[in-house]
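Engineer: My questions are about this predicted structure, shown below with the sequence.
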Amino acid sequence: MYQPMRKADRALTPAESLQLLMKGEYGFLATVDREGQPYAVPLSYVLMDGAIYFHTALEGYMLDNLRHESRTHFTVVGETEPHLEGKANFTTSFESVMVFGRAFEVTDREERTKALLALCEKYVPGHTEMARKVSAACVRSAVWKVSLDHVTGKAKRKL
């Protein structure tokens with residue numbers, strides 16, 4: 001079902017892939033609409049309890065797509081660095097991780113609150129006063145999670 005990596009020597013271990021997924025700043029969630037048109041959107045996210053969580057508006061194109069087709073793809077690009085090898089060979093060092101999974105709307109209030117608090121802790125660590133605002137946000141935003149059905153990472157390190 002999943003294609004093998006062409007340059008397998010660049011494959012990250014499962015632990016390295018999850019580490020990159022955990023430390024990534026943002027990711028791109030790819031969906032497909034009813035006509036088969038692909039659509040990808042950058043998202044803030046958090047890896048929690050073996051799934052990717054993100055928050056979004058209560059309605060919109062991305063959500064229409066996810067409600068139509070729950071299969072999705074999530075990509076995170078870590079550090080990159082373009083450089084020359086020798087006098088004329090241009091290349092880029094990089095690290096990335098891709099997740100194939102299914103997206104599910106989180107309806108349980110406790111799980112939603114936990115995910116929103118984890119997002120706050122990731123992006124504004126130490127601001128525990130956010131808890132009250134997070135509880136209020138639960139009714140004004142949707143929380144979704146993506147299962148980690150297949151995770152693959154790849155890196156080209158600088159020589």
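Structural biologist: Now that the structure is in, tell me what you want to look at. Model, not experiment: these values are computed from the prediction.
Engineer: Show me what secondary structure element comes after the lowest-mean-pLDDT helix or strand in the chain.
Structural biologist: Comparing every helix and strand of the chain by mean pLDDT, DSSP states H and E singles out helix 130-137 as the least confident one, with a mean of 64. From helix 130-137 onward toward the C-terminus, using DSSP states H and E, the following helix or strand is strand 142-147.
Engineer: Contacts for that next one next, please.
Structural biologist: 29, 51-58, 63, 66, 72, 74, 99, 101-106, 111-112, 115-116 (C-beta atoms under 8 Å, 6 or more residues apart in numbering). C-beta here means a position set from N, CA and C on the backbone, and glycine is covered the same way.
Engineer: ok, now how distant is residue 64 from residue 112?
Structural biologist: Here the criterion is C-beta to C-beta, to the nearest Å. By it, residue 64 lies 20 Å from residue 112.
Engineer: Provide a list of residues in contact with the closest residue to residue 38 other than its chain neighbours.
Structural biologist: Ranked by C-beta to C-beta, 6 or more residues apart in numbering and with sequence neighbours excluded, the top spatial neighbour of residue 38 is residue 32, at 5.4 Å. Contacts for residue 32 were tallied using C-beta under 8 Å, 6+ apart; they are 38-39, 65, 68-69.
Engineer: List only buried entries from those.
Structural biologist: For the contacts of residue 32, a neighbour count by 16 or more other C-beta atoms under 10 Å gives the buried set as residue 65.
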